[in-house]
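**Student:** Structure of the sequence below:
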Amino acid sequence: MADEDDDLLIEGSTSLAIWIITIGEYEIRHNILEERVHNELCYHIPRFLDGLYDDDLTEEEHKQMQADVDYILSKIELYEVYPVDDDEE
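**Tutor:** Below is the predicted model:
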């Protein structure tokens, strides 16, 4: 991913979730999962499963993300994460 694409990856955004889940699926499939990617998966997958990204996804994107999430969950366990931003109101 090029540096000029960084603005697409806004914290908590759908584009970041798509990117992390896609990268996570690839890393798991190739047995190269990095801890930082695992941490991000533990944050984004529950949010995807709760439907937080549904309004921003096309039907095709949703199907692909669901397939990736299903594969990821068949291979690794998620642990609970507590993002600082979600706890502050």
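
**Student:** now that we're looking at Ile21, how far away is Ser13 from it?
**Tutor:** From Ile21 over to Ser13 the distance is 13 Å, taken as Cβ to Cβ, to the nearest Å. The C-beta positions use only the backbone N, C-alpha and C, and glycine is treated the same way.

**Student:** cool, Leu49 as well?
**Tutor:** For Leu49 relative to Ser13 (Cβ to Cβ), the value is 17 Å.

**Student:** In this protein, what residue spans correspond to helices?
**Tutor:** In the chain, helices defined by DSSP state H lie at 14-29, 35-49, 59-75, 84-87, listed in chain order.

**Student:** Ile28 is in contact with Lys75, correct?
**Tutor:** Yes: look at Lys75 against Ile28 with Cβ atoms under 8 Å: they come within range, at 5.0 Å.

**Student:** Compare the two (neighbour count), which wins?
**Tutor:** Applying other Cβ atoms under 10 Å to Lys75 and Ile28 shows that Ile28 carries more neighbours, namely 19 against 13.

**Student:** Output the helices of the chain as TSV; include the columns mean pLDDT.
**Tutor:** Formatted as TSV, those follow (pLDDT from 0 to 100):
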stretch	mean pLDDT
helix 14-29	93
helix 35-49	93
helix 59-75	96
helix 84-87	50
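
**Student:** Contacts only, for Met65.
**Tutor:** Listed by Cβ atoms under 8 Å, 6 or more residues apart in numbering, the contact partners of Met65 are Ala17, Ile18, Ile21, Phe48, Tyr53, Leu57.

**Student:** and if you look at Leu57?
**Tutor:** Applying Cβ under 8 Å, 6+ apart, one finds that Leu57 lies in contact with Thr14, Ile18, Met65.

**Student:** quick revisit: among the contacts of Met65, which two are most distant?
**Tutor:** Ile21 and Leu57 (11.2 Å; Cβ to Cβ).

**Student:** how close does Tyr43 get to Ile21?
**Tutor:** In terms of Cβ to Cβ, Tyr43 sits 11 Å off from Ile21.
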